[in-house]
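Peer 1: When you get a sec, could you give me coordinates for this:
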Amino acid sequence: MFSELMGPTSFRVVCRWVLCLALVIASGVLRAGSQGAPTPADEVSQDLPQVESSGEGRAKTYTIRVAAHEVVVEVIALGPHNLPVSHLKKDEFQVFEVGKAPKRLLRNIVAFRAVDPALEDDSASRASGGFVVNASAGCAMSFTRHYRLAFNPTLRGLTGGKHEIVVTTSRPHVTLAYDPEYYVGISGAHAKPKVRDDKAADQALQQAACGGRPEVPPSIALNAHLIRTAERDPLRISVVVQPDSLPFLSMSNGTRKIALDYGACTFDAGGKALTFVKKPVERVLNADDYAQVMGTGFPNLVELPRAAGTAMVRFVVLDRATGNLGSTDVMTTAPPIATSLAGTASGSTPMQQPKISAKMLRGEAPGTFGSIVPKVGAMCGDVYELKNGTSRLPDYWNHLGTGEPVGAVYTDSLKVPYQMPEGIPGLTSRTEWFGIDYHGKFWIETAGKYKFQMFSDDGAEMYIDDELVIDDDGVHSLEKATGSIELTAGMHTIHVPYFQQEVHAGLILIVQPPDEEWRVFDVRKFSPPAAASSETRGDSGGAADN
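Peer 2: Below you'll find the model as predicted:
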């Protein structure tokens, strides 16, 4: 159960708090190439409290964050054969707000950065919170060279709801993949309380926590960490609503009253929901509490029953007056050594396995498509719910025909034998019309020719270093496709887009290294030596830039 609200934290506020807006990217991805001449920039002034000028229109504080009304967009530039282009410059991009009149408003790019995940750990700068936002296709961005650009929206672009943008490039023969919408939470000062019965509110909270599908995109930034206790004690987790999200709480209407619903769903290592607990939290802040909250955020200490097998807790916070949501995941155990394995789905009919895959999987239970529990070094797959009638692999790069991902799964290997699927726990209950776009990297110790075989139902492809090695697209029962590639010693990338249409599903990938036997491809068997991991962690042997 939940404890009472904590008092003010002991952190010292070192300066005045400056208002920030949490802008969270949502929705699908748009393909755009070189377009016509830009329209004049919109010069609407923005009322941002200024503490100290900090270049290119930003305001500076002495807390942790830079306060600014910014939208951050992550963009993949694609050249011939859909290969990432990584040498574009800031002045080759243009960002527009889509408004009523004029239709497009050119915005100034106030920050620009090229990101190569193979050469750097970008997790810190991608951290969720405040105005720092991430693309919805998190797995693709985590393994693909791309660009991060920020712009200041107009006042129209700061109102609550979804807002459309267009990003173009002046570079010929280059297309761009990005999220064309961002979402702003409703300000508490302008909120119209949602009227709903308790049952409907509980269902919405549970769906967001255990099902992974909130009613609206998250706009409340949360920070949470596990407080270590004895194994038999309840789980204790500190959850803090970040200061830059306070405008999206009802307290910003001047009453200083906070009324939130907290929901918590626990998951096992395989991503299966175990328990759900909810608790309303209400508090009227006095002057001292209000000053402390404005500087360090709104804290709450959460206690949960320690269910056996709990590996992760997902917290969802709902502001009752605005309907704004916040969500964050907390690991409760060390990262699992292996992705949880499950037997053949309940109620499914065991099917005959392809001869070679049966040999590879002898003595092992069938694998899942992955777990929602993050895992270091594993392949990461963006999960999509597809339109009925999908007969070819969707364009996951651009989310054409897919909408935004519903979440991500992690797995060390692809070994899902022919079976009746039961959905992906914690993300979607769909057993048909879903797709997964897997990305990962692996280390080659011995250079040479590597042979691959892939069994899939329905379509799938496999790319190594952005080069197509296996093409088994289309609608079909479980069938074998083969390919081979010469690999140099060092780090390489793997990309496996897959989709499931109807009835049975399956996805198995096996590999034969030089002078070795066939075996299931497992990234743990292709991990770099400790020394090489830090020195050449992402030196891919992939294709050159375009």
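
Peer 1: use CA for all of it now, contacts and neighbours both
Peer 2: OK.

Peer 1: Below-threshold pLDDT in the stretch 251-400 of the chain: ranges please.
Peer 2: Residue ranges of the stretch 251-400 of the chain with pLDDT under 70: 252-254, 334-367, 399-400.

Peer 1: how about the helices of it, start to end?
Peer 2: For the stretch 251-400 of the chain, helices defined by DSSP state H, counting those that start in this stretch occupy the ranges 287-296, 355-360.

Peer 1: Apart from its neighbours in sequence, what residue is nearest Phe455?
Peer 2: Spatially, and ignoring its direct neighbours in sequence, Phe455 is nearest to Lys480 (4.6 Å; C-alpha to C-alpha, 6 or more residues apart in numbering).

Peer 1: what phi and what psi does the backbone show at the one you found?
Peer 2: Dihedral pair for Lys480: phi -100, psi 140, per degrees, to the nearest 10.

Peer 1: what about it, distance to Gln453?
Peer 2: Applying C-alpha to C-alpha, to the nearest Å, the value for Lys480 to Gln453 is 7 Å.

Peer 1: Looking at those two, which one has more neighbours?
Peer 2: Gln453 (24 against 16; other C-alpha atoms under 10 Å).

Peer 1: Provide a list of residues in contact with the residue nearest to Phe455.
Peer 2: For Lys480, the contact set (C-alpha atoms under 8 Å, 6 or more residues apart in numbering) comprises Gln453, Met454, Phe455, Ser456.

Peer 1: I figured the second one hits Leu509, correct?
Peer 2: It refers to Met454. Yes: under the contact definition of C-alpha atoms under 8 Å, Met454 touches Leu509, with a separation of 4.5 Å.

Peer 1: So which of those two has more stuff around it?
Peer 2: Met454 (26 against 23).

Peer 1: Which stretches in the stretch 151-300 of the chain count as strands?
Peer 2: Here the stretch 151-300 of the chain has its strands, by DSSP state E, counting those that start in this stretch, at 161-169, 175-178, 181-184, 222-227, 235-241, 257-267, 273-284, 298-304.

Peer 1: wait, which of those strands is closest to Glu502?
Peer 2: Shortest distance between Glu502 and the strands of the stretch 151-300 of the chain, using C-alpha to C-alpha, is found for strand 273-284: 24.8 Å.

Peer 1: ok, and what's touching that closest one?
Peer 2: With C-alpha under 8 Å, 6+ apart, strand 273-284 has contacts from 1-2, 5, 202, 206, 210, 255-268, 304, 307, 310, 425-426.

Peer 1: ok, of those, which come out buried?
Peer 2: Neighbour-count burial (16 or more other C-alpha atoms under 10 Å) applied to these gives 2, 202, 206, 210, 256-268, 304, 310, 425-426.

Peer 1: tell me the SS of Gln94?
Peer 2: Assigned by DSSP: H, G, I helix; E, B strand; the rest coil, the conformation of Gln94 is strand.

Peer 1: That one contacts Leu176, doesn't it?
Peer 2: No: using C-alpha under 8 Å as the test, Gln94 is too far from Leu176 to be in contact (11.3 Å).

Peer 1: Find the least confident helix or strand in the chain, judged by mean pLDDT.
Peer 2: strand 23-26 (a mean of 35; mean pLDDT, DSSP states H and E).

Peer 1: where exactly do the helices run in the stretch 101-250 of the chain?
Peer 2: Here the stretch 101-250 of the chain has its helices, by DSSP H, counting those that start in this stretch, at 138-143, 198-206.

Peer 1: What is the shortest one packed up against?
Peer 2: The criterion is 3 or more C-alpha pairs under 8 Å, 6 or more residues apart in numbering; DSSP states H and E, and the helices and strands that helix 138-143 contacts are strand 379-385, strand 434-444.

Peer 1: With just CA atoms, put it into CSV.
Peer 2: Written as CSV, here are the backbone C-alpha positions of helix 138-143 (Å, rounded to 0.1, in the frame of the first residue of the first chain):
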residue,chain,number,x,y,z
GLY,A,138,13.3,4.5,-28.9
CYS,A,139,15.0,1.3,-30.0
ALA,A,140,15.6,2.6,-33.5
MET,A,141,17.1,5.8,-32.2
SER,A,142,19.3,4.0,-29.7
PHE,A,143,21.0,2.0,-32.4
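
Peer 1: contacts for that helix?
Peer 2: 74, 116-118, 122, 135, 380-382, 397, 408, 437-441, 493.

Peer 1: switch to 6 Å and redo it
Peer 2: Residues outside helix 138-143 that contact it (C-alpha atoms under 6 Å, 6 or more residues apart in numbering): Pro117, Cys380, Gly381, Asp382.

Peer 1: and these as TSV, adding distance to His81 and neighbour count?
Peer 2: Shown next, in TSV, are the contacts of helix 138-143 (distance: C-alpha to C-alpha, whole Å; neighbours: other C-alpha atoms under 10 Å):
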residue	distance to His81	neighbour count
Pro117	21	17
Cys380	23	29
Gly381	22	30
Asp382	21	23
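
Peer 1: of those, closest to Thr390?
Peer 2: The closest of the contacts of helix 138-143, once distances to Thr390 are taken by C-alpha to C-alpha, is Asp382, at 17.3 Å.

Peer 1: Please verify my assumption that the closest one contacts Thr411.
Peer 2: No: taking contacts as C-alpha atoms under 6 Å, Asp382 lies outside contact range of Thr411: 11.8 Å.

Peer 1: How many residues are close by Gln167?
Peer 2: I think there's a mix-up here, since residue 167 is Val and not Gln. Val167 has 23 neighbouring residues, counting by other C-alpha under 10 Å.

Peer 1: That one and Glu97 touch, don't they?
Peer 2: No: counting by C-alpha under 6 Å, Val167 sits too far from Glu97 to count as a contact (9.0 Å).

Peer 1: where along the stretch 301-450 of the chain do the strands fall?
Peer 2: Using DSSP E, counting those that start in this stretch, strands in the stretch 301-450 of the chain cover 312-319, 325-331, 379-385, 407-411, 415-419, 434-444, 448-457.

Peer 1: Output the contacting helices and strands for the first one.
Peer 2: It refers to strand 312-319. Judged by 3 or more C-alpha pairs under 6 Å, 6 or more residues apart in numbering; DSSP states H and E, the packing partners of strand 312-319 are strand 257-267, strand 325-331.

Peer 1: Identify the residue nearest the geometric centre of this structure.
Peer 2: The residue lying closest to the centre of the chain (C-alpha atoms, centre = their mean) is Gly138, at 3.7 Å.

Peer 1: low-scoring pLDDT stretches of the chain, where are they?
Peer 2: 1-69, 101-102, 120-137, 188-197, 252-254, 334-367, 399-402, 530-546.

Peer 1: Can you spell out the domain ranges of it, please?
Peer 2: 23-184, 188-331, 355-535 (automatic domain parsing).

Peer 1: what sits against Asp116?
Peer 2: Arg145.

Peer 1: do Val317 as well
Peer 2: Applying C-alpha under 6 Å, 6+ apart to Val317 gives the contacts Asp261, Tyr262, Leu325, Gly326.
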